[in-house]
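Q: Sequence and predicted structure below; questions after.
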Amino acid sequence: MKLITNKAGWLVVSRTSLGFVTVLVLILLSFPISETSSNAWVTDHGTGQGGYLLPPNIIKEGLFFADSKVPIERPDVHERIVDQLNYLLMDRRASIGEWFDLFVLYSPIITESLKKEKIPVDLVYLSMLLSQFDPDHKTRSGGLGWWALGSSRNGSVKTGVPWFSSNYWDDRRDPEISTQIAAEMFMGLRKKHPKEDWLILISAFIDGEDKIDPIIKKSQGFSFWDIVTPPSSDSLIPRLIALKIIHQHRKFYCVTVNQVSSLSFDKIEKTKLAKDLSLSLVAKWTGEIPRNIWLLNPGVDPLNGLMPKPDKRAPNGFPLRVPRGSGPSVKKLLQKDGYLNNDVK
């Protein structure tokens, strides 16, 4: 913009610059905006003066998570969720794009396991946050896999639910088995606290019963939004809800997902191998690359790449997933090459 000085020393704007200002104002006013019921101005990309906002339909219709109504009409609850919404969309946008790509691959396995165990399917977003949908993801506290479970036979939720772990296989990396383990933990929490909503149970899963139980006893009749929980669940649960909102309103927030298909496979249940089986060999049998066979069987240690024979701690063996349509032929080759015990039909 051109500024000139008159004889008195005052700065004034030239006529040519006034024309520029007028054009600039007209351009800015031409951008489409619409007003939500929260009296905040929002563009087609879900942003307002203070950052990203909740979609108008959620403000109008309300929001549920894991069978619990989220009181977004409360200013404090609304603010906590929007803060996490902005954290994910501003600080972790690249990450959530990758998570949503992997969600397409693995969520059918996890959600089906949750349904089978009668656990709300919204908890798939908890798995996404805990593991970043990476079966080999490790947390700072030592958790591993889809549900960030701790060391063998003693998880982050100290319920005594066992799982198998060795140098060749880890139940925590398998999406189906680890979800069954997590579901068993959640059902134990539900049995102990039948009157609490799922958000309280998620807090106990994240931080441990020993930290949440005293809070529950002192706060009978109050919801998660009314109490003070440890910092991890205090921030993670609003983030969990924000993640669901973003995933279900990807177009509103301009979050793109690659056009990939979910994993398609045949499952050979609890394969009792007579000897360790190389995933590279399975890849040759099926005309696939070893990486794709491991994506179907992430319980196998990625460095060893061997499906182990039964262990005394896991006498029934482990499930083997192969590309859709190749199950019968793989089973015949397993039998032919001496990988299956005689009692397997």
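A: Good, I have the coordinates.
Q: Just the helices from the stretch 51-200 of the chain, written as ranges.
A: Taking DSSP state H, counting those that start in this stretch as the criterion, the stretch 51-200 of the chain contains helices spanning 56-61, 75-86, 93-116, 124-131, 175-192, 198-207.
Q: looking at those helices, which is closest to Leu243?
A: The minimum distance between Leu243 and these falls on helix 124-131, with 5.0 Å, by C-beta to C-beta. C-beta: built from backbone N, CA, C; applies to glycine.
Q: pLDDT averaged over the closest one - what is it?
A: Model confidence over helix 124-131, given as mean pLDDT, is 96.
Q: Stretch 287-305 now?
A: The pLDDT scores in stretch 287-305 average 95.
Q: start to end distance for it?
A: Across stretch 287-305, the straight-line distance between its terminal residues is 17 Å, by C-alpha to C-alpha, to the nearest Å.
Q: hang on, isn't Cys241 packed against Val82?
A: Residue 241: Ile, not Cys. No: if you go by C-beta atoms under 8 Å, Ile241 and Val82 don't touch, sitting 10.6 Å apart.
Q: Neighbour count: those two, which is higher?
A: Neighbours around Ile241 and Val82, counted as other C-beta atoms under 10 Å, are more numerous at Ile241. The numbers are 24 against 21.
Q: quick one: the more buried one from Gly97, how far?
A: Spatial separation of Ile241 from Gly97 under the definition C-beta to C-beta, to the nearest Å is 19 Å.
Q: Ok, Met90 next?
A: With distances taken as C-beta to C-beta, Met90 is found 13 Å from Gly97.
Q: Over to Asp83?
A: Asp83 sits 20 Å away from Gly97, taking C-beta to C-beta as the criterion.
Q: same thing with Leu199?
A: For Leu199, the distance to Gly97 under the criterion C-beta to C-beta works out to 26 Å.
Q: how much space is there between Asp266 and Glu112?
A: 15 Å.
Q: which secondary element of this protein has the worst mean pLDDT?
A: Of all the helices and strands that make up the chain, the one with the lowest confidence by mean pLDDT, DSSP states H and E is strand 34-35; it has a mean of 37.
Q: What sits closest to the spatially most central residue of the chain if chain neighbours are left out?
A: The residue at the geometric middle of the chain, judged as the C-alpha nearest the mean C-alpha position with C-alpha atoms, centre = their mean, is Met128 (1.4 Å). Across the structure, with C-beta to C-beta, 6 or more residues apart in numbering as the measure, the residue nearest Met128 apart from its sequence neighbours is Trp99 (5.4 Å).
Q: ok so, going back, please say which of Asp266 and Glu112 ends up with more neighbours.
A: Neighbours per residue, other C-beta under 10 Å: of Asp266 and Glu112, the larger number sits with Asp266, 18 against 14.
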